[in-house]
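> predicted coordinates and the sequence they were generated for:
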Amino acid sequence: MVVFKAGFQQSLANNTLFVKVTGTSFIALLVYVDDIMIASNCDVELQKLKTALHQVFKIKDMGAPKFFLGLEIARNTTSISICQRKYALDILVTTRMLSCKSSSVLMDPLVHLTKESGVRLTDVRPYREIIGRLL
């Protein structure tokens, strides 16, 4: 694999994360299906990686990310801010709950739910999609 040949180590905690540390240089590469996010404190190492990837794959440099996997990324000269505001709003729009009022207690904690209580969903797909997005 290209990243291993370039000296990257695969993370034990996340098998889609690859890291390379050389002296004071740090570069991280996160792969998700056909998207790659690269973070580095060294422009030289960053360019070496991009060149190595470009020699093997057809890649397109999209520049500094604004959105990645539901994360909204904002940068300035001193920091990077990450939030999921847009992702959460998209879920509320999809479920037609954008105009709902918030509640400090989502449900009565004294209600005991069982398999027999409630009404069966006729189509479980939308429910599963929402749960998947929340996970």
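It's in.
> same for the helix ranked longest in the chain, what does it pack against?
If you go by DSSP state H, the chain has its longest helix at helix 43-56. When contacts are defined as 3 or more C-beta pairs under 8 Å, 6 or more residues apart in numbering; DSSP states H and E, helix 43-56 sits against helix 2-5, strand 25-32, strand 35-40. Every residue, glycine included, has its C-beta placed from N, CA and C.
> residue 66: which of the ones you listed is closest?
Residue 66 sits nearest to strand 35-40 of all these, at 11.6 Å, using C-beta to C-beta.
> give the partner strands of that closest one in its sheet and their orientations.
Here strand 35-40 is paired, per DSSP bridges, with strand 25-32 (antiparallel).
> parallel or antiparallel, list what pairs with the helix or strand bottoming out on mean pLDDT in the chain.
Every helix and strand in the chain was compared by mean pLDDT, DSSP states H and E; the lowest is strand 67-68, with a mean of 84. The strands that strand 67-68 pairs with in its sheet are strand 71-75 (antiparallel) (by DSSP bridges).
> export only the CA atoms of the partner strand, formatted as CSV.
Extracted in CSV, the C-alpha atoms of strand 71-75 (Å, rounded to 0.1, in the frame of the first residue of the first chain):
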residue,chain,number,x,y,z
LEU,A,71,-18.4,17.7,10.5
GLU,A,72,-18.3,21.5,9.7
ILE,A,73,-14.8,22.7,9.8
ALA,A,74,-13.9,26.4,10.2
ARG,A,75,-10.3,27.7,10.3
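> measure the residue most central in space within the chain to residue 99 for me?
Nearest to the mean C-alpha position of the chain, counting by C-alpha atoms, centre = their mean, stands residue 69 at 3.3 Å. According to C-beta to C-beta, to the nearest Å, residue 69 stands 27 Å off from residue 99.
> any idea how far the residue in the chain sticking out farthest from the centre is from residue 83?
Relative to the centre of the chain, and counting by C-alpha atoms, centre = their mean, the farthest-placed residue is residue 116 at 36.8 Å. Per C-beta to C-beta, residue 116 is found 41 Å from residue 83.
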